[in-house]
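Q: below are the sequence and a predicted model for it; my questions follow.
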Amino acid sequence: MKIIVGCDLKEFKKYYRTLHDLHDFYKTVGLSDVKVGELGVDEEYWVRKDPSYLIMWKEDDEAVGHAIWHETSTDKHKKGDPRDEEDKGILRRLIGRRKDNIVELHELWLKKRHRGKGLGKEFFEFFERFIRNRGYDSIVYYTDSPAAIAICRKRGYREEYLAEENWHVFCLSF
């Protein structure tokens with residue numbers, strides 16, 4: 001697998017339109033504001049803000065997965081977008097205090113036919129090293145994926161549960 005930091009937005013949108021399983025997943029978790037085949041408003045915001053916030057996975061020049069990440073804090077998703085009290089409390093407990101120098105792994109997706117091959121583990125190894133080398137203190141990640149939950153637990157992420165959203169919240173501090 002080849003991991004590429006940054007990608008042309010037009011190329012990414014073309015790949016994103018092929019992710020029928022991702023869009024089916026969005027429907028199951030109630031994200032009805034995302035149109036099938038289209039990049040969500042938040043996702044496009046982050047990729048436009050800084051192309052390095054997009055990481056693509058390729059095998060034989062075929063895009064097989066991606067991750068979108070961004071800078072965040074325990075109190076705000078982004079400037080002007082405060083976290084609710086439950087979320088804020090969970091992050092402060094996981095990290096130990098109020099903190100700004102953290103990143104959120106916002107969206108992580110691997111096409112179904114490429115799952116079960118260790119690519120998720122390989123991505124997390126890369127991503128943790130990549131974020132640490134950029135000088136950030138912690139990674140936070142919200143998921144309900146059994147495979148991602150297992151990877152985070154094996155890698156020593158601290159964990160809490162965000163009941164309101166039905167998500168596991170993971171944190172790895174460096």
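A: Perfect, I can see it now.
Q: gap between the nearest residue to Phe174 once chain neighbours are set aside and Lys76?
A: Excluding the flanking residues, the one nearest Phe174 by Cβ to Cβ, 6 or more residues apart in numbering is Arg132, at 5.0 Å. Bear in mind the C-beta positions are built from the backbone N, C-alpha and C, glycine included. As for Arg132, its distance to Lys76 is 22 Å (criterion: Cβ to Cβ, to the nearest Å).
Q: report how many residues lie close to the residue nearest to Phe174.
A: Close neighbours of Arg132, defined as other Cβ atoms under 10 Å, add up to 14.
Q: before we move on, what SS does it have?
A: Under DSSP: H, G, I helix; E, B strand; the rest coil, the three-state class of Arg132 is helix.
Q: wait, it sits on Ser138?
A: No: counting by Cβ atoms under 8 Å, Arg132 stays clear of Ser138, with 9.9 Å between them.
Q: hey, what's in contact with both of those two?
A: Common neighbours of Arg132 and Ser138 (criterion: Cβ atoms under 8 Å, 6 or more residues apart in numbering): Phe174.
Q: now the strands: where do they sit in this structure?
A: Here the chain has its strands, by DSSP state E, at 2-5, 54-59, 62-72, 76-78, 81-82, 102-110, 138-143, 158-162, 167-173.
Q: could I get the ones you listed as CSV with distance to Lys88 and mean neighbour count?
A: Formatted as CSV, the strands of the chain follow (distance: least, Cβ to Cβ, whole Å; neighbours: other Cβ atoms under 10 Å):
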stretch, distance to Lys88, mean neighbour count
strand 2-5, 29, 13
strand 54-59, 27, 19
strand 62-72, 11, 20
strand 76-78, 9, 14
strand 81-82, 8, 11
strand 102-110, 13, 20
strand 138-143, 12, 22
strand 158-162, 11, 15
strand 167-173, 11, 20
